[in-house]
Structure formats: C-alpha cells, structure tokens
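> After the sequence you'll find the predicted model.
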Amino acid sequence: MKKLNVGMIGGGFMGKAHALAYAGMPMFFWPAPAVPQRHTVVDVTEELAKDAAERLGFENYSSDWRKVVEDPEIDIIDIVTPNDSHAEIAIAAAKAGKHIISEKPLARTAAEAKTMLDAVKEAGVKHMVAFNYRRTPAVALAKKYIEEGRIGKILNFRGTYLQDWSADPNSPLSWRFQKERAGSGALGDIGTHVIDFARYLVGDISEVMAIAKTWIGERPIQSGGVDKLGTVKAETDVPKGKVDVDDEFSTLIKFDNGAVGSIEATRNAWGRNNFLTFEIHGEKGSLYFNYERRDELQVCFSDDPSDSRGFRTVYTGPAHPYGEGLWPIPALGIGYGETKIIETYDFLKSIAEDTSVSPDFEDGYQIAVISDAILESAEKGVWVNLTENLV
Ligand code: NAI
Ligand code: SOE
C-alpha cells in the first residue's frame, strides 16, 4: 500500500487534530487510498517540537520548517500554524513540489491568498484548505438533498457561528486578536467556515452588506505563542495590548443564482460554544443544521403530509455520506476528530488517484475575497460587489 510522508508545521490545537486524523484515517477508511506517515513535526523551538513529536506520534522533529519543506522524503506539507505564516510556508512547499493542506483561513487577505493559489497552480501539486465542517456527514447530506432537488430552488441561506470564549475581557491577547498575525477576527477565524457552507451548499456569492464591531478594545498581553482560546486567564495586573480585529460581524449576502441570506459570527456570545448553524429555505422544503447537534439534519419537505408537516430529524449513519467508513449505527456520534479524518481521507485520495479535491486554494482565495469585501462594506457602510474585489 502506498505510504505518504507528512511534514506537519505547527504542534498546537490543529496539530493535535491533524495528527489524530493521520493515525485514525486508515482505521475508518480501509483499504486506505494511501497511508499517511507522521514523518516530521515542526514547532518554533526544539523543545516545543520534541514535545510535539512525543505527544503526536511523529518520528522526527525540527524547529526549521524550511529544512522540512526541502526534505526529499516528505510528500505532504501540512500547515497548522497561525495565519501569518500560511503563505510563506505554502509557497516554499509548492516550489519544492510538495502536496499541501493548509488550515483556514487560507491567508490574511485575498492578495496574500492569491500568491498561494498562483504558487500551487504553477507547481501542479494537490492543494486543500481545511474547512473541515463541510465534511460533517449531516452537512454533506444537506448537499446531497440540495443536488437531488429535494428542497427545490434555494431562496435563502441563514448562517451563524457563535462562540463565547473571548467574551471575557481577561481572555488574553493571543495571535487571534492581532491583525498582523490573524488578518481579521471572528470573520477570518470562524465566519469563514460559514462562508464555506454558503458557497458549498448554495453557490457563489456576488454582493455583501456588512457591519463589524470590536467590543473589547484591549486585552492582557499573553506570553508564549499558543492560543489557549480563553481557557487560561491572564493575571489581573498584566500590561494590556490593543485588539485591532473584529469581535463580531453580520452581513447580508446575495448569491449569483439569485438566492439571498445572511451570515453572522461572534466569539463573544455567552452561552454559545460551537454554534455553527445554517438554515436553508427552498421552494420545496427547508434544511437546518447545528454543529452542536452534529449527528442531526433537520428536514422539512413541502410534500410531507400536511397533518404531519414540520421539521423532523434525520440521524446520520451508514446510509449517509461517508457512512461506509464511519460507525455502523446512526447517532453513535460524529466528533470533531471524525471531520478531520474524513478530510484527510479525501485529501490522500486526491493524491493517490490524481483527482482534484475541494475546498482547495481556489476556494480559500474566493473566501478571502468575500472576507475582504465584508470588512470593506462594514467600513464604508455600502454594498460591495465581489467582482470588483478579485485580485
Ligand atoms: P495554536 O496557537 O494552538 O498552535 C499554533 C502552533 O504553531 C503553536 O504550537 C506554535 O508554536 C506553532 N507555530 C507558530 N509559528 C510557527 C512557525 N513559524 N513554525 C512552526 N511552528 C509554528 O493554533 P491553532 O488553534 O492550532 O491554529 C492553527 C491554524 O489552524 C490557524 O490558521 C487557525 O485558524 C486554524 N484552526 C482551524 C480550525 C478548524 O476547525 N479547521 C480550528 C482551530 C484552528
Ligand atoms: C476558535 O474560534 C476556533 O478554534 C477556530 O479557530 C476554529 O476555526 C473553529 O473551528 C473552532 O474555534
């Protein structure tokens, strides 16, 4: 069986999720299209990299991603670092002929994302951006119903991503609150997942009209590079630094195909955890998904008997997308790890079978164009047409 060596850059939260997926994928999808080998992990110091290798099961470690990108033994570069390093690593990896999976958002701006897209196209390597939530079986099932025409022509998409881990002003000023490192705030960090849903399920977005807000203007300065997502609070008397990204945004959207809708995201919504939802209304039915109940797709079809019409729950399992590899009984429980396992499966399949995979860097770039347009619209208070924002 074909083996593919992975060089993973970054050993934080996503390093853990991707390492789990490399280990677990062949256990779910067997025979695997190719078996990923955890070859080398990189972090910013030798100490952090060694620790990551031990924790995450990598054979080797390094504090120099450039050496790993050039290593002839490596087939895949996996970018799980904060957003400011995605472009530099991806462009070097493409030049070295490596296949690349990068965490989202692809880059801090559309212009930066475009340099990455150009590099992978030029090199002819496989590329994927890790919007893993679309690989939740219930989301893929919604896509299947839409493609089968089960809800007819789509009229409206309403998407949210609400969290509360940054609602406490004492949650430290990690890289996620710094424009230079993150690009934007809730928008790039979590709003992009909803934009990915909207494009995946409904189609291309043509115009946006947005508002954006920063509620907490400064936060305690954090020592160390890893973002603990508000789980570790700062001491009360540490110096504070400026937050220069959005805490939340809301936007109206128009799609190319005539559908309309809205997207909103915040990390300051007390009581909301991973409240990533969509509700889609079509001429013949509606679909509703909430990641906090990710085994379930709520469906209502207009031709259901009128005396029992209403939302009902489909629990995903063997009869649904990716069911052949996952658990044998519906509602046994899809977790975050499974979405990453499916993502890894699809990426390795595209390499082994020389096919395209999505979302790819083109999608990542288009999402960056939409994100830039949302910020521009929020600043100017006007509708922004996306064709004018292509780089
Ligand atoms: P994190 O802060 O937990 O970990 C980042 C790791 O990268 C740290 O270990 C840090 O020391 C290391 N690092 C930073 N610069 C580096 C460099 N130049 N070379 C090598 N290592 C470096 O961050 P987290 O949460 O893992 O986020 C990483 C990326 O994953 C971000 O782009 C983020 O937006 C994305 N993400 C995606 C999620 C998803 O659901 N798809 C979930 C969480 C994060
Ligand atoms: C923090 O908001 C975060 O880890 C995001 O970075 C991820 O993309 C999201 O899936 C979970 O929350």
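Structure received. Residues are numbered from 1 along each chain as shown. Ligands and ions are numbered 1, 2, ... in the order given.

> what stretches of the stretch 151-300 of the chain score poorly on pLDDT?
The model of the stretch 151-300 of the chain has pLDDT under 70 over residues 224-225, 234-236.

> Ramachandran angles for Gln298?
Dihedral angles of Gln298 (phi, psi; degrees, to the nearest 10) stand at phi -90, psi 130.

> Could I get the contacting residues of the residue lying closest to it once chain neighbours are set aside?
The spatially closest residue to Gln298, leaving aside those adjacent along the chain, is Tyr288, at 3.9 Å (CB to CB, 6 or more residues apart in numbering). All C-beta spots, glycine's among them, are computed from the backbone N, C-alpha and C. By CB atoms under 8 Å, 6 or more residues apart in numbering, the contact set of Tyr288 is 277-280, 297-299, 311.

> how about those residues in a markdown table, adding secondary structure, neighbour count and distance to Lys67?
Compiled in a markdown table, the contacts of Tyr288 are given as follows (DSSP: H, G, I helix; E, B strand; the rest coil; neighbours: other CB atoms under 10 Å; distance: CB to CB, whole Å):
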| residue | secondary structure | neighbour count | distance to Lys67 |
| --- | --- | --- | --- |
| Thr277 | strand | 19 | 43 |
| Phe278 | strand | 24 | 42 |
| Glu279 | strand | 17 | 48 |
| Ile280 | strand | 25 | 47 |
| Leu297 | strand | 25 | 45 |
| Gln298 | strand | 18 | 49 |
| Val299 | strand | 20 | 51 |
| Phe311 | coil | 12 | 54 |
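
> Quickly check these for the two that are furthest apart.
Greatest spatial distance among those (CB to CB): Thr277 and Val299, at 14.6 Å.

> Can you verify the residue nearest to Gln298 is assigned to a strand?
Yes. Counting by DSSP: H, G, I helix; E, B strand; the rest coil, Tyr288 falls inside a strand.

> May I have the beta-bridge partners of it?
Judged by DSSP bridges, the bridge partners of Tyr288 are Glu279, Gln298.

> Can you get me the centre-to-centre distance for stretch 25-38 and its chain?
The chain centroid and the centroid of stretch 25-38 are separated by 22 Å under CA atoms, centre = their mean, to the nearest Å.

> go on, stretch 287-296?
How far stretch 287-296 lies from its chain's middle: 17 Å, per CA atoms, centre = their mean.

> repeat for stretch 266-282
Distance of stretch 266-282 from its chain centroid, counting by CA atoms, centre = their mean, is 15 Å.

> Export it to PDB, keeping only CA atoms.
Output of stretch 266-282 as PDB, limited to C-alpha atoms (Å, rounded to 0.1, in the frame of the first residue of the first chain):
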ATOM      1  CA  THR A 266     -19.000  36.300  17.100                       C
ATOM      2  CA  ARG A 267     -16.700  34.900  19.700                       C
ATOM      3  CA  ASN A 268     -18.400  37.000  22.400                       C
ATOM      4  CA  ALA A 269     -21.900  35.300  22.700                       C
ATOM      5  CA  TRP A 270     -22.100  34.000  26.300                       C
ATOM      6  CA  GLY A 271     -23.700  30.600  26.300                       C
ATOM      7  CA  ARG A 272     -22.800  29.700  22.700                       C
ATOM      8  CA  ASN A 273     -20.000  27.200  22.200                       C
ATOM      9  CA  ASN A 274     -19.600  25.900  18.700                       C
ATOM     10  CA  PHE A 275     -23.000  27.200  17.500                       C
ATOM     11  CA  LEU A 276     -22.200  26.800  13.800                       C
ATOM     12  CA  THR A 277     -25.600  26.600  12.000                       C
ATOM     13  CA  PHE A 278     -27.400  27.000   8.700                       C
ATOM     14  CA  GLU A 279     -31.000  27.100   7.800                       C
ATOM     15  CA  ILE A 280     -31.800  26.900   4.100                       C
ATOM     16  CA  HIS A 281     -35.200  27.600   2.700                       C
ATOM     17  CA  GLY A 282     -36.100  26.300  -0.800                       C
END
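
> any idea how far Asp189 is from whichever residue of the stretch 251-391 of the chain sits closest to ligand 2?
Going by CB to the nearest ligand atom, ligand 2 is nearest to Arg267 of the stretch 251-391 of the chain, at 5.6 Å. Per CB to CB, to the nearest Å, Arg267 is found 7 Å from Asp189.

> still on that earlier bit, from Asp84, how far out is the residue nearest to Gln298?
Noted for Tyr288: a distance of 36 Å to Asp84, by CB to CB.

> cool, Trp270 as well?
Trp270 is 29 Å from Asp84, by CB to CB.

> okay, the two: which has more neighbours?
A direct count of neighbours by other CB atoms under 10 Å for Trp270 and Asp84 places Asp84 higher, at 17 against 9.

> give me phi/psi at that one?
With angles defined as degrees, to the nearest 10, Asp84 sits at phi -70, psi -20.

> OK, contacts around it?
Shown in contact with Asp84 (CB under 8 Å, 6+ apart): 108, 175, 180-183.

> try Val382
Per CB under 8 Å, 6+ apart, neighbours of Val382: Met209.

> just the helices in the stretch 201-350 of the chain please.
Taking DSSP state H, counting those that start in this stretch as the criterion, the stretch 201-350 of the chain carries its helices at 336-353.

> how near is the spatially closest residue to Gly183 that is not a sequence neighbour to Trp215?
Once flanking residues are discounted, Gly183 sits nearest to Arg108: 2.8 Å by CB to CB, 6+ apart. According to CB to CB, Arg108 stands 22 Å off from Trp215.
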